[in-house]
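A.B. asks: Need coordinates for the following:
(one chain, ligands or ions: 1)
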Amino acid sequence: MKKLYGVIGLGRFGGSICKELSKEGGEVLALDLDEDKVNEYKEIASDAVIADSTDELALKELGFRNLDHVIVAIGDNIHASILTTLLLREIGVKRITVKAQNDYHEKILQKIGADEIVHPERDMGKRIAHSIISSNVLDYLELSDEYSVVEIKAGEKMQGKTLLELDIRAKYGCNVVAIKRGKEINVSPMADEQIMYEDILIIIGADKDISRFEKALV
Ligand code: ADP
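C.D. replies: As a prediction, the model looks like this:
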């Protein structure tokens, strides 16, 4: 059965989620207080409605309880974001993802049972900072406070060497989990795999180890 999604708040973040889910064929109910925003998404989402998501009755009447996954993308109004999440939980929405504005907001969202809490600006800021520090860092994904996955263009110092010669695990404590070469991706590189010009390495490890690795080899 087709999954049913709800997007509450059609700012830049919610709007982009709504567009992408719809583009991928998802059934999306979009909601915002603002009439212009709702009109903008009438053609994009399966349905777009003007409503206040802190109004329990409105959420019930719109059938939010039947949705599989709701994304709360209310921007600055933390109070409305919290209340909306609480109501969605009470109504029985299966999965709720909420955009948090700050750590205090996140703590409350955790307490009231949001399934996923995202910090798009903070995470994007970190990713961009890493690619500014080294133009060879293509992407950066934080796994926890201590561990990350990075996508790195093979530096000159790596080219022509095998993973065994580079000895990344022993020297830097990081693991090369995959190597991208053009359209091919090798998800279990062997020790005798030779790194070539323009290879992209996917590396997992503790942030401090990744940082040592980047300084030495990237
Ligand atoms: P972004 O930073 O992602 O652009 P915005 O703060 O611009 O976020 O957008 C948040 C959206 O959420 C706005 O379009 C606003 O009208 C909507 N919104 C705020 N409060 C409510 C509410 N209680 N019910 C429905 N929509 C809301």
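A.B. asks: For the protein, what lies in contact range of the ligand?
C.D. replies: Applying Cβ under 6 Å from any ligand atom, we find that the chain lies next to the ligand at 8-14, 31-34, 37, 52-54, 73-77, 80. (Glycine included, C-beta is placed from N, CA and C.)
A.B. asks: Out of those residues, which end up buried?
C.D. replies: Neighbour counting by 16 or more other Cβ atoms under 10 Å classes 8-10, 13-14, 31-33, 37, 53-54, 73-74, 80 among the residues of the chain next to the ligand as buried.
A.B. asks: what's the neighbour count on residue 125?
C.D. replies: Using other Cβ atoms under 10 Å, residue 125 is surrounded by 11 other residues.
A.B. asks: So it, which state does it fall into?
C.D. replies: Secondary structure, DSSP: H, G, I helix; E, B strand; the rest coil: residue 125 is helix.
A.B. asks: Can you give me the distance of it to the ligand?
C.D. replies: Separation of residue 125 from the ligand (Cβ to the nearest ligand atom, to the nearest Å): 14 Å.
A.B. asks: can you check residue 66 too?
C.D. replies: According to Cβ to the nearest ligand atom, residue 66 stands 19 Å off from the ligand.
A.B. asks: Just give the nearest non-adjacent residue to that residue, would you?
C.D. replies: Leaving aside its chain neighbours, residue 66 sits nearest to residue 4 (6.3 Å; criterion: Cβ to Cβ, 6 or more residues apart in numbering).
A.B. asks: Is that neighbour bridged to anything, and to what?
C.D. replies: Listed by DSSP bridges, the beta-bridge partners for residue 4 are residue 27.
A.B. asks: Return stretch 153-161 as CSV; C-alpha atoms alone will do.
C.D. replies: The C-alpha coordinates for stretch 153-161 follow below in CSV (Å, rounded to 0.1, in the frame of the first residue of the first chain):
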residue,chain,number,x,y,z
LYS,A,153,38.5,12.5,-2.9
ALA,A,154,41.7,10.5,-2.9
GLY,A,155,44.6,12.9,-2.2
GLU,A,156,47.8,12.8,-4.2
LYS,A,157,49.5,11.1,-1.3
MET,A,158,47.2,8.1,-1.7
GLN,A,159,47.2,7.7,-5.4
GLY,A,160,48.9,4.5,-6.7
LYS,A,161,49.1,3.0,-3.2
